[in-house]
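# Structural data only, the sequence is not supplied:
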Ligand SMILES: Nc1ncnc2c1ncn2[C@@H]1O[C@H](COP(=O)(O)OP(=O)(O)OP(=O)(O)O)[C@@H](O)[C@H]1O
Ligand SMILES: [Mg+2]
């Protein structure tokens, strides 16, 4: 049965999606069967990071159009992606029996993988929290900014107040070095221990590294694009730390039921006030633009690389051979 870990944060933009993807790839490189579930229902993150556009999502499974096996996307990096989807009106009509049937079908994913890493939206919304409560392990990402610390603490507090039974771990993100990362952990763990009587485990730190932003632009995961970089080493160390942890008891059916419930309730096609509807439209447009920009950037880079190659070949061909006269 898969070990299920949900990656989240109080504040957005801390590096969760990159963490999920790169740590997942490291675990796969260590010969484990890894699946990543993209459950961030705002902007799907994984497809942008991977430069892919899966056109089948969990929505197709929930509506009975496809089986779970048909939506699992094989990436180039030995990890498989399960694209999430926010709710539609049809999904909201799901009855109890249908839900149970679906859970049976979808939870096959747990049986046929070793690790299921779930990338979630940041922040404390009722839907996300209720879903996190059913995840056997929650990993919180924190960056060295006061708001990130307080938001992460608030997230742990909400889990604690709801009697979260699983394991809470954290990673420090965008830090200067490992001692800065550890300091961040000490702040969170001592506050959680003292005021919430809650233990938080430490997974390690991810350094701030411009190579990560470059890898994101290239739409190639950092551990693949820059395997010898500091940041790739950070992700590998965290993957090894995860491997060293004891397993946590997990109620897989509960997890999948909550996941489906969260997707079904996510407000994509619900009747929304005009202003919000415009926002949804705007998000779609923005996403299209982002894809276009990244495509363009990649094409330009490829073109430049080919040009440089040609110039180098040309230089070689006109360079005099040693000992010859021109
Ligand atoms: N370790 C790092 N070093 C440098 N830049 C980073 C690092 N981690 C993240 N970033 C920057 O932050 C951006 C957002 O990262 P990512 O998408 O992984 O965050 P996220 O927490 O998933 O965001 P969201 O809350 O929007 O889902 C990246 O595109 C990159 O530019
Ligand atoms: Mg993200």
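Received, thanks. Owing to the predicted nature of the structure, the values given are computational and were not obtained by experimental measurement. Ligands and ions are numbered 1, 2, ... in the order given.

# which residues touch the helix or strand containing residue 256?
Using DSSP states H and E, residue 256 sits in helix 252-265. If you take Cβ atoms under 8 Å, 6 or more residues apart in numbering as the criterion, helix 252-265 is touched by 1-2, 4, 37, 39, 41, 58-59, 62, 84-87, 91-92, 94, 99, 102-103, 106-107, 110, 127-128, 130-131, 133-136. C-beta here means a position set from N, CA and C on the backbone, and glycine is covered the same way.

# Quick one, which of those are buried?
2, 4, 37, 39, 41, 58-59, 62, 84-87, 91, 94, 99, 102-103, 106-107, 110, 127-128, 131, 133-136 (16 or more other Cβ atoms under 10 Å).

# Which element, helix or strand, includes the closest residue to ligand 2 within the stretch 201-326 of the chain?
Of all residues in the stretch 201-326 of the chain, residue 216 sits closest to ligand 2, at 10.9 Å by Cβ to the ion. Using DSSP H and E, residue 216 maps to helix 210-218.

# again, but for residue 155
Going by DSSP H and E, residue 155 is part of helix 146-161.

# So which elements touch that helix?
Counting by 3 or more Cβ pairs under 8 Å, 6 or more residues apart in numbering; DSSP states H and E, the packing neighbours recorded for helix 146-161 are helix 126-132, strand 137-142, strand 167-175, helix 178-196.

# Might you report the residue contacts of residue 34?
Applying Cβ under 8 Å, 6+ apart, we find residue 34 in contact with 24, 25, 27, 28, 78, 79, 80, 113, 114, 115, 116, 117.

# Repeat that for residue 75.
By Cβ under 8 Å, 6+ apart, the neighbours of residue 75 are 50, 52, 81.

# who's in contact with the second one?
When you say that, I think you mean residue 52. 73, 75, 81.

# Narrow those to those in strands?
73, 81 (DSSP state E).

# of the contacts of residue 52, closest to ligand 2?
Scanning the contacts of residue 52 for proximity to ligand 2, where the rule is Cβ to the ion, the winner is residue 81, at 13.7 Å.

# Distance check, the closest one against residue 130.
24 Å (Cβ to Cβ, to the nearest Å).

# what about the stretch 1-150 of the chain, any weak spots by pLDDT?
Applying pLDDT under 70 to the stretch 1-150 of the chain flags the ranges 42-44, 86-89.

# Contact residues of it facing ligand 2?
By the rule Cβ under 5 Å from the ion, the part of the stretch 1-150 of the chain lying against ligand 2 is 16, 17, 45.

# Identify those among those that sit within strands.
Of the positions in those, not one sits in strands, assigned by DSSP E.

# Using TSV, lay out those residues together with distance to residue 153.
Below are these laid out as TSV (distance: Cβ to Cβ, whole Å):
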residue	distance to residue 153
16	17
17	22
45	24
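
# which among those gets closest to residue 123?
residue 16 (11.3 Å; Cβ to Cβ).

# okay but the residue of the stretch 201-326 of the chain closest to ligand 2 is in contact with residue 18, surely?
Yes: counting by Cβ atoms under 8 Å, residue 18 is a contact partner of residue 216 at 7.0 Å.

# More neighbours: these two, which one.
Neighbours were counted for residue 216 and for residue 18 using other Cβ atoms under 10 Å; residue 18 has more, 24 against 17.
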